[in-house]
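J.: Turn this into a model:
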Amino acid sequence: MIRKNKLAILWSFCGVFLLGALFSSILLPTQTWLSITLSVCFLINLVFLFWDYKKSLTNRTMGYGFNSLITIVLVISIVGVLNFLSDRYPYKVDLTKNKLHTLTNQTQKVVKALDNQVHATLFIQDLKKRKYMDLLDQYKALSPNLNIEYVDPRKYPTKVKQFKVRKDETLHLALDDRTSLVEEPTEAKITNALINLTQKEKPLLCWIVGHNEKNFESSEANGYSFVKQGLDQQAFEINSLNLLQEGRVPKNCGAIAIVGPTKSFFPKEIESIERYLRNGGRALFAFDLKIQGKEFSPEFHPLLKKWHIAPQRDIIIDPIAKMAGAPDPATPLIPIRSPSHAITQELGKKTHIIFPHTRSLKVLPKSPTSLNVQWLTKSSSQSWGETDFGELKQGKVQPNKGDKKGPLVTSVAIEGKLNSRVLKNSRIVVFGTSNFATNSYARYSGNYDLFLNSTSWLLEQENLISIRSKLEDSGKLHLAQSTANLVMWFAAILFPGAISICGITFWARRRKL
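T.: Alright, predicted model coming up:
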């Protein structure tokens, strides 16, 4: 009787210690000492049990039972060791199409570029840690300069007041004497906070106004507020600049942007822009063409020609654009990207880019060795540059003899100098349309990234050039009409009909038996 009670107690302790070790590893993942202690206690009790059963192993039946028990224990131990190793050295594969559970290239660049220690403190209850641990562990694995600490606000109220934390699930980031609070942290919020912390001075983008350009504050379909929000998140500053009032480009402008003007510039404005560029300035140009074929800003053509770029008088038509989801053939897909330029080399072929109502750009030959003129994007080989604007008005277009066949250049990047006495290289990006980055089209991941990458390159912030957007794919499958009809015939008629015929045949045969 005493022996039975002793065995019952030992088995009870084994169960308690085993369950305690399992639950502590799940609920308190940071308190590894607790799960290790409970596991050791479990093994000690198991040894005592085996020792007590040793005398009962003389008969064959008990021997078989003991062997079975040993096998079970070994299997459990092996599974436990594998589970421990997988938890300690995790290897995960993201099978989602857009890599939703993998840190973006931009995040990896920002974290790997950390030169100084950044201390991250997540204020969260112990039972909720698992919610953010996977994400923060990915950050921590990228750089030894990022330290992460978990603090339960209920246990350390003094620290909560010290860090001025207002609510649970808040990440406190500290770099030198600069701090940032991120509530309900996500990858986008954390990366943006790190960018703001590491930027000592915000690069300034001067947005030229006064000629009915695209409005970077407007949230309407034709506005630029969506990409402006992206620039804000990258710690860039955007100010409007009226050249008629200022008379020149201010020295604090890291780059200027002339996006979609519909009114002409005065000669003095062109002179100030040309002088700024010759002295190592940076500029982003995006010019549109009227549907009638008339230029909005022809006064820029001589300026761009000096930098070996010639905007063409055409509208690119892509007949396969509508099949791929574009609203019309005048909104061509841009599948060809330069693999060698920093702006486009990380966009990838799977990233969608469309340029609504874009003209083509011609890279002029015989550029000087001091100037690097490189195309960034091209239309598809099925596209052409439509020059008959009468057909465009009627909505009936077809390639004619005078039209240039694709692929056609739609954006260009220039770096270098026209004057050898200038120390700093100029940087220029030219787009064949300003519509691609409006609020209507910037949500296409490639359009958004292309504009922000171009701005980052102009402002010499190459560490921010990457793919930022990771939108969950809708899962829609676009089929041609002939393919859709074929699927309907098989799914709705042929397969159900074949099953019905087989069923009737078997039923008829069984009746004859």
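J.: Tell me which residues of stretch 125-135 come out buried.
T.: For stretch 125-135, the neighbour count (16 or more other CB atoms under 10 Å) marks D126, K129, Y132, M133 as buried. In short, each C-beta sits where N, CA and C put it, glycine included.
J.: and the second one, how far is that from F123?
T.: When you say that, I think you mean K129. In this view, K129 and F123 are 11 Å apart by CB to CB, to the nearest Å.
J.: again, but for V363
T.: From V363 to F123 the distance is 54 Å (CB to CB).
J.: Kindly report the same for E295.
T.: For E295, the distance to F123 (CB to CB) stands at 58 Å.
J.: Neighbour count: those two, which is higher?
T.: Taking neighbours as other CB atoms under 10 Å, E295 and F123 compare with F123 leading, 24 against 16.
J.: Who does the more buried one form a beta bridge with?
T.: Assessed by DSSP bridges, F123 has beta-bridge partners V151, T170.
J.: Would you enumerate the residues in contact with it?
T.: V151, D152, P153, K159, V160, F163, V165, D168, E169, T170, L171, H172 (CB atoms under 8 Å, 6 or more residues apart in numbering).
J.: Packing partners of the helix or strand where the fourth one lies?
T.: This means K159. Assigned by DSSP states H and E, K159 belongs to helix 157-162. Packing partners of helix 157-162 (3 or more CB pairs under 8 Å, 6 or more residues apart in numbering; DSSP states H and E): strand 118-123.
J.: And the average pLDDT for the next helix or strand after the strand it packs on is what?
T.: Of the helices and strands lying after strand 118-123 in sequence (DSSP H and E), the nearest is helix 130-142. Averaged across helix 130-142, the pLDDT comes to 88.
J.: now helix 130-142 against strand 118-123, angle please.
T.: Between helix 130-142 and strand 118-123, the angle comes out at 170 degrees (axes from the mean of the first three to the mean of the last three CA atoms, to 10 degrees).
J.: still on that earlier bit, in TSV, list the buried residues of stretch 125-135 along with distance to V397.
T.: Below are the buried residues of stretch 125-135 laid out as TSV (distance: CB to CB, whole Å):
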residue	distance to V397
D126	65
K129	60
Y132	53
M133	56
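J.: ok, back up a step: check which residues of the helix holding K159 are buried.
T.: Those would be K159, V160, for helix 157-162 by 16+ other CB under 10 Å.
J.: sorry, back to before: farthest-separated two in the buried residues of stretch 125-135?
T.: Greatest spatial distance in those: D126 and Y132, 12.3 Å, computed using CB to CB.
J.: Need the contact partners of stretch 232-245.
T.: Contacts for stretch 232-245 (CB under 8 Å, 6+ apart): 188, 192, 195-196, 199, 202-210, 216, 228, 231, 249-250, 253, 256, 265-266, 268-269, 272-273, 452, 455-456, 459, 461, 464.
J.: In strands, which of these appear?
T.: L204, L205, C206, W207, I208, I256 (DSSP state E).
J.: now for those, which pair is the farthest apart?
T.: Greatest spatial distance in these: L204 and I208, 13.2 Å, computed using CB to CB.
J.: Surely N252 and L204 touch.
T.: Yes. Proximity of N252 to L204 meets the contact threshold set by CB atoms under 8 Å, at 5.6 Å.
J.: Between the two, point out the one with more neighbours.
T.: For N252 versus L204, the count of surrounding residues by other CB under 10 Å is larger for L204: 17 against 11.
J.: Quick check: buried residues in the host helix or strand of F226?
T.: Assessed by DSSP H and E, F226 sits inside helix 225-233. For helix 225-233, burial by neighbour count (16+ other CB under 10 Å) applies to S225, F226, V227, K228, G230, L231, Q233.
J.: Buried among the contacts of F123? Make that a PyMOL selection.
T.: To isolate the buried ones among those in PyMOL, judged by 16+ other CB under 10 Å, type:
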select buried, resi 151+152+153+159+160+163+165+169+170+171+172
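J.: Output the helix or strand encompassing C502 as PDB, nothing but the C-alphas.
T.: Secondary structure assignment for C502, by DSSP H and E: helix 495-512. This file holds the C-alpha atoms of helix 495-512, laid out as PDB (Å, rounded to 0.1, in the frame of the first residue of the first chain):
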ATOM      1  CA  PHE A 495     -18.200  16.900 -65.800                       C
ATOM      2  CA  PRO A 496     -21.700  16.900 -64.300                       C
ATOM      3  CA  GLY A 497     -23.000  15.300 -67.500                       C
ATOM      4  CA  ALA A 498     -20.400  12.500 -67.300                       C
ATOM      5  CA  ILE A 499     -21.100  11.800 -63.600                       C
ATOM      6  CA  SER A 500     -24.900  11.700 -64.400                       C
ATOM      7  CA  ILE A 501     -24.400   9.200 -67.200                       C
ATOM      8  CA  CYS A 502     -22.200   7.000 -65.100                       C
ATOM      9  CA  GLY A 503     -24.700   7.000 -62.300                       C
ATOM     10  CA  ILE A 504     -27.600   6.100 -64.600                       C
ATOM     11  CA  THR A 505     -25.600   3.400 -66.200                       C
ATOM     12  CA  PHE A 506     -24.700   1.700 -62.900                       C
ATOM     13  CA  TRP A 507     -28.300   2.100 -61.700                       C
ATOM     14  CA  ALA A 508     -29.600   0.400 -64.800                       C
ATOM     15  CA  ARG A 509     -27.100  -2.500 -64.600                       C
ATOM     16  CA  ARG A 510     -28.000  -3.100 -60.900                       C
ATOM     17  CA  ARG A 511     -31.700  -3.300 -61.700                       C
ATOM     18  CA  LYS A 512     -31.000  -6.200 -64.200                       C
END
